[in-house]
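*Asks:* would you be able to build a 3D model of this:
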Amino acid sequence: MIRNVSLVTVYVHDIDESKAFYTDKLGFLPNEDITVGDFRWCTVVQADHPELKLVLMVPGPPMDEESADMLRRIMAKGSMHGVGLATDNCRKTFDDLVAKGVEYIQEPSDRPYGVEAVLRDNSGNWLVLVESKPYSPGDFDSQP
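*Replies:* As a prediction, the model looks like this:
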């Protein structure tokens, strides 16, 4: 039986630079960092959720070259979907991250499900900050 999600891959341009970004700017902790031949396995975790590892991976083998090129093009555009990050205070977290030099796409905005902001990591992946609040499907009826 499946218990939980344990790995999420985030494609990056450079593992070392992204590891520093996720640890220094976002507060993740370094986890595994293993190189076997040409393959590098590097993960970061949140201190209070070590069971969920973000795998920082450069597009390439064992992926075929056409797929790796496609991912690199999407990353270069800065439109790669990354991860959603829960926060207790979206506006404060947003301000803290922007002060650390994290690029933003969308400032905090009220949504039926809470407050949401969108930032970008150093490889172009979107980081969606969400401060959740209780909602029901009907809360979306008035949304454009």
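*Asks:* so who does residue 84 touch?
*Replies:* 128, 130 (Cβ atoms under 8 Å, 6 or more residues apart in numbering). Glycine gets a C-beta too; all of them are placed from N, C-alpha and C.
*Asks:* report pLDDT for it.
*Replies:* Note on residue 84: pLDDT of 95.
*Asks:* what about the longest helix in the protein?
*Replies:* What stands out as the longest helix in the chain, according to DSSP state H, is helix 65-77.
*Asks:* got the buried residues for that one?
*Replies:* 68, 71-72, 74-75 (16 or more other Cβ atoms under 10 Å).
*Asks:* give me the most central residue, the protein.
*Replies:* residue 83 (3.3 Å; Cα atoms, centre = their mean).
*Asks:* parallel or antiparallel, which strands does the strand or helix carrying that residue pair with?
*Replies:* Element membership of residue 83 [criterion: DSSP states H and E] is strand 80-86. Strand 80-86 has its sheet partners listed here by DSSP bridges as strand 125-132 (parallel).
*Asks:* tell me the angle of the strand it pairs with relative to helix 65-77?
*Replies:* Here strand 125-132 runs at 60 degrees with respect to helix 65-77, directions being taken by axes from the mean of the first three to the mean of the last three Cα atoms, to 10 degrees.
*Asks:* next, the buried residues of strand 125-132.
*Replies:* In strand 125-132, counting by 16+ other Cβ under 10 Å, buried: 125-131.
*Asks:* any idea of the mean pLDDT in stretch 90-98?
*Replies:* 98.
*Asks:* any idea how far residue 79 lies from residue 58?
*Replies:* 18 Å (Cβ to Cβ, to the nearest Å).
*Asks:* looking at the two, which one has more neighbours?
*Replies:* More neighbours surround residue 58 than the other of residue 79 and residue 58, with 19 against 13 (other Cβ atoms under 10 Å).
*Asks:* need the contact list for the more buried one.
*Replies:* 11-15, 40.
*Asks:* same check, this time on residue 128
*Replies:* Per Cβ under 8 Å, 6+ apart, neighbours of residue 128: 82-85, 116-118.
*Asks:* next one: residue 32
*Replies:* Contacts of residue 32 by Cβ under 8 Å, 6+ apart are 41-43, 53.
*Asks:* per-residue pLDDT, it?
*Replies:* Predicted confidence (pLDDT) for residue 32: 97.
*Asks:* I am finished for the moment; much appreciated.
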